[in-house]
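**Q** got a predicted structure plus its sequence, pasted below:
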Amino acid sequence: MTKTALITGVTGQDGSYLSELLLEKGYTVHGLVRRSSSFNTERIDHIYQGPQEPGRRFVLHHADLCDGVALVNLLREIQPDEVYNLGAQSHVRVSFDAPLYTGDATGLGSLRLLEAVRAAGIDTRFYQASSSEMFGATPPPQNEGTPFHPRSPYGAAKVYAYWSTVNYREAYGMYAVNGILFNHESPRRGETFVTRKITRAVARIKAGLQRELYLGNLDAVRDWGYAPEYVDAMWRMLQQDEPTDYVVATGVAATVREFLETAFGHAGLDWREHVRHDAKYERPSEVDALIGDASKAERLLGWKPEVRVEELARIMVDADVRQVTAELAGTAVRVDR
Ligand code: NAP
Ligand code: F7E
């Protein structure tokens, strides 16, 4: 029997890689897409299957994590074996501008989905996309036992969702797990997260389309991994005998400045000649340092990261250079695969 999965946030970076992974494994994949007046399916267009396609295994549904009744109806209809809750307002800086919406979609949205599983009366395994942002001000290294101290409305919303997931496991015996993932990036990363903002700028500066890049705090330390490897860890978390929570990280630290060095250097550019400071990109309260200890995931899931930050920066610069080249040539192809 093939398995069925529901992915919220299917149009995002992780949703697109996870869909590919599950389709390769033979799953039927249902994705929750929120209605937008412009196209928001660019990352999954290459795997889209129309309703008329025979033997269709990739099915999209319009719904929203803020609409609890729609979630119940969807779960009743699909009856998935596994639910991956990746949907969220996921931008930390934006969460200071839209704190209530972030709390609603990112925090309460997870509880709505958990409660929808219960209301639908189905037996399903539940993955919650928890985040290293929950550790916030607590110094590294961070693991599953590290206390949370969130520093943004986003981080606080993720803590709420984390504990809701733990509570549904303890209260109702649900197979519900938190993957506490540290920053993970790829050529499909949203253009306003710092790594992609940098690699896109490198490609555009190289092509003569841009001269300057405005950034905020260059001293922040992050543990950046490669998104396709991280979605594999999500899947592994739902295949165990017992549900528990896991940190997923590389354990390698780099500052934003070091990422700049590698990315610009890879294209033969000196970042100091192009990068300018704009306080607009700073946060009212910053998370200074996140460095994960993923030894539990390695021990219990057999999961180990391969791509480290320097290779990651090179992968992303190369993909953005190809993309800008294609754009200039008027070739409307995605070049990140
Ligand atoms: P992303 O690219 O920003 O994708 C977020 C997804 O959530 C998009 O599909 C978005 O839809 C959808 N979404 C937003 N608001 C929604 C709502 N109200 N209802 C339904 N869907 C909604 O994020 P990502 O990098 O793939 O991350 C996936 C998940 O992991 C997120 O929950 C994120 O917070 C969490 N996380 C990410 C990282 C990381 O480093 N990437 C680390 C730890 C945890 P649109 O496409 O329409 O915007
Ligand atoms: O910032 C600094 C910024 O926005 C990284 C999300 O996926 O990972 C992500 O959150 C660092 C911060 O990611 C700019 O201040 C400097 O210290 O790329 P980011 P994030 O905030 O770490 C976690 C784990 C998640 O869960 C989130 O969903 O870079 N920084 N200058 C800047 N950041 C941005 N975005 N833009 C700048 O111009």
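**A** In hand now; what should we look at? Numbering: from 1, shown residues only. Ligands and ions are numbered 1, 2, ... in the order given.
**Q** just give me the neighbour total for the closest residue to ligand 2 within the stretch 151-300 of the chain.
**A** Relative to ligand 2, the nearest point of the stretch 151-300 of the chain is Ala220 (3.0 Å; C-beta to the nearest ligand atom). For every residue, glycine as well, the C-beta is placed using N, CA and C. Close neighbours of Ala220, defined as other C-beta atoms under 10 Å, add up to 19.
**Q** stretch 77-92: end-to-end distance?
**A** Length of stretch 77-92, first residue to last, C-alpha to C-alpha, to the nearest Å: 34 Å.
**Q** touching ligand 1 at all, that stretch?
**A** Yes - using C-beta under 6 Å from any ligand atom, stretch 77-92 comes into contact with ligand 1 via 86-90.
**Q** domain assignment for the chain?
**A** 4-186+226-248, 194-221+253-290+307-329 (automatic domain parsing).
**Q** what's the pLDDT at the closest residue to Asp223 other than its chain neighbours?
**A** Nearest residue to Asp223, sequence neighbours excluded (C-beta to C-beta, 6 or more residues apart in numbering): Phe182, at 4.4 Å. pLDDT recorded at Phe182 is 99.
**Q** correct me if wrong: Phe182 contacts Val247.
**A** Yes - applying C-beta atoms under 8 Å, one finds Phe182 in contact with Val247, separated by 7.4 Å.
**Q** need the overlap of contacts for these two.
**A** Residues touching both Phe182 and Val247 (C-beta atoms under 8 Å, 6 or more residues apart in numbering) are 132, 292.
**Q** need the max-distance pair from the residues of stretch 77-92 next to ligand 1.
**A** Leu86 and Gln89 (12.2 Å; C-beta to C-beta).
**Q** more crowded one of these two?
**A** Leu86 (24 against 21).
**Q** on that earlier part again, looking at the domains of the chain, which is closest to Lys296?
**A** domain 4-186+226-248 (5.7 Å).
**Q** for this protein, what spans make up the strands?
**A** Secondary structure of the chain by DSSP state E: the strands cover 4-8, 28-33, 58-62, 82-85, 125-131, 176-181, 184-185, 213-215, 221-222, 225-226, 246-248, 254-255, 275-277.
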